[in-house]
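> No sequence on hand, only this structure:
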């Protein structure tokens, strides 16, 4: 049988500051190498709720403050249809401080409370100059989703801190880095099949197991049955990950 | 001059002289650092005594633009000083002033041309009022260090606001962000821009920064782009329009390959015009230009030709790849990616580089601290694995490169900053001819 997946990419022009499109490339190629067809659907101002509902995976990247300001009012309007999608089990990956976007609110350094999408039960806060930015390479151990290999690597660069509520699970345990808040050892969050994390930019190239988990979930939800993925030669991917784990832990 | 300043100058000069005499190789920043610690306002004193100060700032093209201005002014018969490449923080500028200053505290040279780090420019402008300030372009670069393009632009707008008519700001009109900053200034402003529709890219690249109007936030439209967001832009919504250019690419010939070098040539030529240099002198001066190290530098080792292209951010890397593809010189391409402080520790940006468009080079040699990150990038661009070779050691990669390049070919080396320095060190060990 021929399978097809549609990847919804949130605001490719506005929210793609740190090589975020690497995640799109990795999902696309890992599908194509398995003969799964892929459509990329940019989710922009003109995108309708119906078009969003047709997506099988949702990807969100990072943005500069001004770009986020441009995108945010529109994203808030699309919030309910995105939530409906995630509630139905459609997988998603949000990188680069998206915890600030997806939670109930984000308190800025000067005390402004910005309303978030409210899809994830969590809140974020910027402590101004009293807490330094979290910048650097990260290593973690996945706890929030079921994957065989647990290690992940990434790079974080964020000023805000995120605190999880009861309605979400942490995505991973921090081994190296700051993670959600530098206090409770958690990194990111999982709601249903949607992952949010502080790791930014191209998260999937060196974490191919997470890419495959997203693809498998998307196929399962779309076709109503578990579909085994053909295994790929990931020697290079693991070599890249192992090198960094050895170097940074 | 206060006693403190005098002592700072004397100390700095001593360190400078000792460093030069004993070839300690620390002369580019240490004299300045010591003088700065003695007297935090030393830069203001030193620059006030200099007859002509020219500053060049921007993400890409600083070093080459400075060297081009130097070539023109030198040909016009002037004595010129510039800061050492990479020594573009305040301590580097002070060191260059001190190295030129005689013991009687007069300068030997008349023109001081300095490249200035983008994040340092606002501070430098508190001490220096330049005769000419060149703004080349603003792209994303080392986000872990500089922050985002918008935040740099905001700081520049404030800092440049203090300049008056006596300073001429030479601005790239094709960069909407810079054109916007320039439109708000009290200083005299002159613009340069490209007029080569044949060099327009077939479509927008992914690595763009200013594609929304800096004035009103609407999406800009582009009649054509040369690379990234540099091109013939327009805002359909507000009154912000592209400025008229004072010089265009019809009037100059770039001495180097690469579209980005046409911009550098324009910036240098317009600066020279502002300084009163005759057009013919500019033209001949440019022909005498030789590239700065690692910027399209041509090296011959063991009878093999090597060209090194510093490629340190998405836009720079894209333009390097385009230059290699457009060159008459074929040959293997060595990609060296490091993640040290001068490179930026975050290598995410390689995914914004369009390797997908450049899959036909005869061979890809991959190296650097982040060799596997680069190899993965090529894998997902579907560069033929049979053409890709991975070398955790840069020395091995260079050996293999020299070994595999044919007599009529060029070994192209595209490297991030520290990888470029390492490359030169390895090659120098092999006797650069």
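Ah, there it is. Because the structure is predicted, anything quoted here is derived from the model rather than measured.
> Do you have the helices of the stretch 301-433 of chain B handy? List them.
Remark: helices assigned in the stretch 301-433 of chain B by DSSP state H, counting those that start in this stretch are B:314-326, B:371-380, B:394-404, B:417-429.
> Show me what the least confident helix or strand in chain B by mean pLDDT is in contact with.
Sorting the helices and strands of chain B by mean pLDDT, DSSP states H and E puts helix B:143-146 at the bottom, at a mean of 71. Helix B:143-146 is touched from outside by A:17-18, A:135, A:157, B:118-119, B:152, B:341, B:344-346, B:349, with contacts defined as CB atoms under 8 Å, 6 or more residues apart in numbering or on different chains. (Each C-beta comes from the backbone N, C-alpha and C, glycine too.)
> where does residue A:221 land in three-state SS?
helix (DSSP: H, G, I helix; E, B strand; the rest coil).
> before we move on, the earlier item: which of the residues in the least confident helix or strand of chain B are classified as buried?
B:143-144, B:146 (16 or more other CB atoms under 10 Å in any protein chain shown).
> Kindly list the longest helix within the chain.
I went with chain A, as the question did not name one. helix A:65-87 (DSSP state H).
> Chain B is the one I meant
helix B:3-21.
> quick one: contacts for the residue in the stretch 201-350 of chain B that chain A sits nearest to?
Distances between the stretch 201-350 of chain B and chain A by CB to the nearest CB are smallest at residue B:348, namely 3.3 Å. Going by CB under 8 Å, 6+ apart, residue B:348 touches A:18-19, A:22, A:155, A:200-202.
> go on, residue B:387?
Counted by CB under 8 Å, 6+ apart, residue B:387 has contacts B:361-364.
> for residue A:54, same thing?
When contacts are counted by CB under 8 Å, 6+ apart, residue A:54 touches A:6, A:41.
> about what we covered before: how far does the least confident helix or strand of chain B sit from the chain's center?
Centroid displacement of helix B:143-146 relative to its chain, using CA atoms, centre = their mean, to the nearest Å, is 17 Å.
> For the closest residue to residue B:60 other than its chain neighbours, give its distance to residue B:260.
Sequence neighbours aside, residue B:316 is the residue nearest to residue B:60 in space, at 5.1 Å (criterion: CB to CB, 6 or more residues apart in numbering or on different chains). Distance of residue B:316 to residue B:260, computed by CB to CB, to the nearest Å: 8 Å.
> any shared contact partners between those two?
Shared contacts of residue B:316 and residue B:260 (CB under 8 Å, 6+ apart): residue B:60.
> which residue ranges form the strands in chain A?
Ranges of strands in chain A, per DSSP state E, are A:4-10, A:37-43, A:57-60, A:92-94, A:105-107, A:113-115, A:122-125, A:134-142, A:151-158, A:161-164, A:169-176, A:186-191, A:194-196.
> follow-up on the earlier one: least reliable of the helices of the stretch 301-433 of chain B by average pLDDT, please.
Mean pLDDT across those is lowest at helix B:417-429; the value there is a mean of 90.
> Provide a list of residues in contact with residue B:224.
B:197, B:200-201, B:231-232.
> at 7 Å instead, please
With contact taken as CB atoms under 7 Å, 6 or more residues apart in numbering or on different chains, residue B:224 is in contact with B:197, B:200, B:231-232.
> Save the residues you listed as a markdown table, and put in secondary structure too.
Shown next, in a markdown table, are the contacts of residue B:224 (three-state DSSP):
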| residue | secondary structure |
| --- | --- |
| B:197 | helix |
| B:200 | coil |
| B:231 | strand |
| B:232 | strand |
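> PyMOL command for the buried members of the residues you listed?
Selecting only the buried entries of the contacts of residue B:224 in PyMOL, with 16+ other CB under 10 Å as the criterion:
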select buried, chain B and resi 200+231+232
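> ok so, going back, is the next helix or strand after the least confident helix or strand of chain B anywhere near chain A?
Scanning forward in sequence from helix B:143-146 by DSSP states H and E, the next helix or strand is helix B:149-160. Yes. Helix B:149-160 is in contact with chain A by CB under 7 Å from any CB of the partner chain, via residue B:150.
> Identify the residues contacting helix B:149-160?
Under CB under 7 Å, 6+ apart, the answer for helix B:149-160 is A:64-66, B:118-119, B:121-122, B:125, B:138-140, B:146, B:169, B:177, B:181, B:184-185, B:187, B:209-210.
> is it true that residue B:165 lies in a helix?
No. According to three-state DSSP, the state of residue B:165 is coil, so it is not within a helix.
> Identify the residues contacting it.
B:186-188.
> Just the buried residues out of these, in PyMOL syntax.
Of the contacts of residue B:165, the buried ones go into a single PyMOL selection, burial set by 16+ other CB under 10 Å:
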select buried, chain B and resi 187
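> between the contacts of residue B:165, which is closest to residue B:397?
residue B:187 (46.6 Å; CB to CB).
> any idea of the pLDDT on the nearest residue to that closest one once chain neighbours are set aside?
Closest residue to residue B:187 apart from its sequence neighbours, by CB to CB, 6+ apart: residue B:163 at 4.0 Å. Looking at residue B:163, its pLDDT reads 97.
> residues contacting residue B:163?
By CB under 7 Å, 6+ apart, residue B:163 lies in contact with B:129, B:169, B:185-187.
> Assign the residue lying closest to residue B:100 once chain neighbours are set aside to helix, strand or coil.
Computed as CB to CB, 6+ apart, the closest residue to residue B:100 that is not its neighbour in sequence is residue B:81, at 4.7 Å. Classification of residue B:81 using three-state DSSP returns strand.
> Redo the helices of the stretch 301-433 of chain B as TSV? Include mean neighbour count and distance to residue B:34.
Shown next, in TSV, are these (neighbours: other CB atoms under 10 Å in any protein chain shown; distance: least, CB to CB, whole Å):
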stretch	mean neighbour count	distance to residue B:34
helix B:314-326	22	33
helix B:371-380	23	38
helix B:394-404	19	33
helix B:417-429	19	24
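> Distance to residue B:32 added to those helices, as JSON lines?
Converted to JSON lines, the helices of the stretch 301-433 of chain B look like this (distance: least, CB to CB, whole Å):
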{"stretch": "helix B:314-326", "distance to residue B:32": "27"}
{"stretch": "helix B:371-380", "distance to residue B:32": "35"}
{"stretch": "helix B:394-404", "distance to residue B:32": "30"}
{"stretch": "helix B:417-429", "distance to residue B:32": "20"}
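> number of nearby residues for residue B:149?
Using other CB atoms under 10 Å in any protein chain shown, residue B:149 has 22 neighbouring residues.
> Same list (the contacts of residue B:165) but as CSV, adding distance to residue B:374.
As requested, these are exported to CSV (distance: CB to CB, whole Å):
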residue, distance to residue B:374
B:186, 46
B:187, 42
B:188, 44
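> will you turn the contacts of residue B:165 into TSV that also has pLDDT, distance to residue A:178 and secondary structure?
Formatted as TSV, the contacts of residue B:165 follow (pLDDT from 0 to 100; distance: CB to CB, whole Å; DSSP: H, G, I helix; E, B strand; the rest coil):
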residue	pLDDT	distance to residue A:178	secondary structure
B:186	97	43	coil
B:187	98	42	coil
B:188	98	47	strand
